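Undergrad: quick check, what structure comes out for this input:
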Amino acid sequence: MATLLASIEPQAVSYPAERDTPSRKRAFSLSLVSALTLFAVAVHGYHPFAEDGGLYMAGVKRLLDPTLYPHATAFVLEPTRHSLFAPTVAGVVRLSHLSLPIVLLALHLVSIWATLFAAWMLASLCWTSRTARSGAVVLLACWLALPAAGTALMMMDPYATARSFSTPAMVLALVGALDMLGAAGTRQRGLLLWTVSVALAVAMHPLMAAYALSATLLLLSARWPKRTVNRWGTSTLAASAMALAACLQAHAKPETADYIRIAITRSYWFPAEWRWYELLGLAAPLAILFLFAWKKLGKTAKAEYTQVLDPHRALARMAIAVGATSCLVAFLFARAAADTHLVARLQPLRAFQIVYLVLILSLGARLGERVLQRNPWRWAATMFLLGGIMLGAGRTAFPNSNHLELPGIAPRNLWARAFLWVRDNTPKDALFALDADYINAPGEDAQCFRAIAQRSALADYSKDGGEASIAPELTAEWIASQAAQQHLSAPSTTDAERLFVLRPLGVSWIVLDAGASTRLDCPYRNAAVTVCRLR
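TA: So this is what the prediction gives:
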């Protein structure tokens, strides 16, 4: 890494032409991105069965072994309904004859590498100096786990999901859009890249693909040679998004009282319920990008960009249009008290992933070009400082788990150990109950029971609640599961009360906190968890 940083060009305000040959440029970019991929994983950690990673992996395991999860199967299959991610992962496992943990790690590395390389391609269209390009990609590697305001969304997660591949596809679609309005020789290549990238994003994550498609159309409008297209195109696209949201809200099906109970638990859907610093996470990026987009040009730059807006300014203006439009849609239609929550379910503020991407690349380019320049010590110190902050944040999020949960390494997390015991010592057709919000229990670190234990479980409050909020047909099952799993580990709850609510649902095993009072047959205990068989 130090050698790569030492080879970065000095500051170049006037953007002189690169002296390197094309092969040296290519070698540098590939080496830098590969090194930053390892750096990013080391900083942000790897937790393949935590959070949403566990949801997707349960679906993958079901595809690999259809005998798994015979109960509450709808919650296992829901993440696989509109995405080819799970079938793709299962297909790679079958074709490669590698274990699922090895394939997951490989796909995680590939997704980060692809995102960083796509970001390098995008930066190469926006800045001609190597210091700017390198700064853009280095800052992105440092901030891959940065949360986007209060959307419950990171730039990239520390595990593989459908969004792991829709994200690089989104960045490549932006590259393709810029190429389509570039030199004559790049237009066909840009169109092909844009088409393939959008198609890949749709296949992996249709919702994020829709936001990526909107962003590329706004980018084309912002950079079109004619000013009338710039103004009216952007306005028309923004107005169309508002009209579509109003139409969806007006024609949405009525919602049941039980479904509304689920919807209002997703506070990240409703910006009016966010904390002040989460709202600041919406306003501050737009304000910074406004400075980048409309800062006065010098005479030389004005002469160079009289007909077509330069790519970086076009990107910044596109990001502002995306962010402002999604904010308007969210504040007008994504309200907890609304009659219907269809627009809220589409989570329009997730489009801020694009806003944050452009912001990070823009800040990184200026950091590299104007501050770090060719001094390797500055680069190393900056990466150490920013990486250290993000490393600390990652350890705070998963304090009781291995920072890198790599294949073949025994888990440190006591809940994960108990889930592995369940996998190895209980029948496949067993149905488990856990406290409704077990995934947020102290020391649990959001480790997903189904993905690790490979056993069926009643729906939980957090992750399965998210699935039920997106798929209203799961409402009744989720409500019943919540009612049965409330306070299972509470000191006042007796075994008779547990049996009374769980037996009618077919539950055969139960996972309790280690401190829970019970006389059930409990063949496994550790300092955090007790696993018991229902009599």
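Undergrad: domain assignment for the protein?
TA: As given by automatic domain parsing, the domain ranges for the chain are 21-64+107-397, 414-533.
Undergrad: run the chain-centre distance for the longest one.
TA: Its chain's C-alpha centre and that of domain 21-64+107-397 lie 10 Å apart, by C-alpha atoms, centre = their mean, to the nearest Å.
Undergrad: please renumber the chain so that the first residue is 5 from this point on.
TA: In the new numbering, first residue 5, that becomes domain 25-68+111-401.
Undergrad: what segments of the chain are strands?
TA: Along the chain, counting by DSSP state E, strands occupy 435-438, 460-461, 513-517, 525-529, 533-537.
Undergrad: what lies in contact with the shortest one?
TA: Going back to what we said before, that points to strand 460-461. By C-beta atoms under 8 Å, 6 or more residues apart in numbering, the residues outside strand 460-461 that reach it are 73-77, 433-438, 453-454. Every C-beta, even on glycine, is put in place using the N, C-alpha and C of the backbone.
Undergrad: and Thr238, what's its pLDDT?
TA: Listed pLDDT for Thr238 reads 87.
Undergrad: from Leu462, how far out is it?
TA: Separation of Thr238 from Leu462 (C-beta to C-beta, to the nearest Å): 48 Å.
Undergrad: counting neighbours, go ahead and name the busier of those two.
TA: When Thr238 is set against Leu462 and neighbours are counted by other C-beta atoms under 10 Å, the residue ahead is Leu462, at 25 against 22.
Undergrad: who are the contact partners of the closest residue to that one other than its chain neighbours?
TA: Excluding the flanking residues, the one nearest Leu462 by C-beta to C-beta, 6 or more residues apart in numbering is Ser485, at 4.0 Å. Taking C-beta under 8 Å, 6+ apart as the criterion, Ser485 is in contact with Ala76, Ala440, Leu462, Ala463, Asp464, Asp468, Leu509.
Undergrad: separation between Ser485 and Leu506?
TA: Ser485 is 10 Å from Leu506, by C-beta to C-beta.
Undergrad: how many other residues sit next to Ser38?
TA: 15.
Undergrad: so, low pLDDT: which residues of the stretch 205-354 of the chain?
TA: Scanning the stretch 205-354 of the chain for pLDDT under 70 picks out 300-312.
Undergrad: now do the helices in it.
TA: Counting by DSSP state H, counting those that start in this stretch, the stretch 205-354 of the chain has these helices, from start to end: 210-227, 231-232, 238-255, 261-267, 280-298, 303-308, 315-337, 346-349.
Undergrad: tell me how far the nearest residue to Glu471 once chain neighbours are set aside lies from Phe169.
TA: Sequence neighbours aside, Glu82 is the residue nearest to Glu471 in space, at 4.6 Å (criterion: C-beta to C-beta, 6+ apart). Separation of Glu82 from Phe169 (C-beta to C-beta) stands at 19 Å.
Undergrad: so which of the two has more stuff around it?
TA: A direct count of neighbours by other C-beta under 10 Å for Glu82 and Phe169 places Phe169 higher, at 24 against 20.
Undergrad: one step back: Trp419: which of the strands of the chain is closest?
TA: Nearest to Trp419, of all the strands of the chain, is strand 533-537, at 5.7 Å by C-beta to C-beta.
Undergrad: mind listing what's buried in the closest one?
TA: By 16 or more other C-beta atoms under 10 Å, the buried positions in strand 533-537 come out as Val533, Thr534, Val535, Cys536.
Undergrad: pipe those residues into CSV and attach pLDDT and distance to Leu371 per row.
TA: Formatted as CSV, the buried residues of strand 533-537 follow (pLDDT from 0 to 100; distance: C-beta to C-beta, whole Å):
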residue, pLDDT, distance to Leu371
Val533, 95, 45
Thr534, 95, 51
Val535, 96, 50
Cys536, 95, 55
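Undergrad: tell me where the stretch 355-504 of the chain has helices.
TA: Assigned by DSSP H, counting those that start in this stretch, the stretch 355-504 of the chain shows helices spanning 356-370, 380-401, 418-429, 453-457, 467-474, 479-489, 499-506.
Undergrad: for the ones you listed, which one sits closest to Arg231?
TA: Between Arg231 and the helices of the stretch 355-504 of the chain, the shortest separation by C-beta to C-beta is 21.9 Å, and it involves helix 356-370.
Undergrad: what helices or strands is that closest one leaning on?
TA: helix 104-130, helix 134-146, helix 167-184, helix 210-227, helix 280-298, helix 315-337 (3 or more C-beta pairs under 8 Å, 6 or more residues apart in numbering; DSSP states H and E).
Undergrad: now, of the ones you listed, which is deepest in the fold?
TA: helix 134-146 (a mean of 27; mean count of other C-beta atoms under 10 Å).
Undergrad: quick check: the gap between the residue lying closest to Phe402 once chain neighbours are set aside and Arg235.
TA: Spatial nearest neighbour of Phe402, excluding adjacent residues (C-beta to C-beta, 6+ apart): Asp449 at 4.8 Å. Plainly put, Asp449 is 50 Å away from Arg235 if you go by C-beta to C-beta.
Undergrad: what do you get for His316?
TA: 20 Å.
Undergrad: before we move on, what about Trp425?
TA: 64 Å.
Undergrad: so between these two, which is more surrounded?
TA: Neighbour totals were compared for Trp425 and Arg235, and Trp425 leads with 17 against 13 (other C-beta under 10 Å).
Undergrad: I'd say that one and Val535 touch.
TA: Yes: counting by C-beta atoms under 8 Å, Trp425 touches Val535, with 6.6 Å between them.
Undergrad: what is in contact with the two at once?
TA: When C-beta under 8 Å, 6+ apart defines a contact, the residues bordering Trp425 and Val535 alike are Tyr528.
Undergrad: follow-up on the earlier one: winner for burial among the strands of the chain?
TA: Most buried among these, counting by mean count of other C-beta under 10 Å: strand 460-461, with a mean of 26.
Undergrad: so what are the sheet partners of that one and their directions?
TA: strand 435-438 (parallel) (DSSP bridges).
Undergrad: got a list of contacts for the strand it pairs with?
TA: 75-76, 426, 453, 457, 459-462, 464, 488-489, 492, 506, 509-515.
Undergrad: mind running it again at 7 Å?
TA: Contact with strand 435-438 is made by 75, 453, 459-462, 464, 488-489, 492, 506, 510-515, as judged by C-beta atoms under 7 Å, 6 or more residues apart in numbering.
Undergrad: next up, the contacts around the closest residue to Ala325 other than its chain neighbours.
TA: Leaving aside its sequence neighbours, Ala325 sits nearest to Leu222 (C-beta to C-beta, 6+ apart; 4.9 Å). Leu222 makes contact with Thr238, Leu241, Met322, Ala325, Val326, according to C-beta under 7 Å, 6+ apart.
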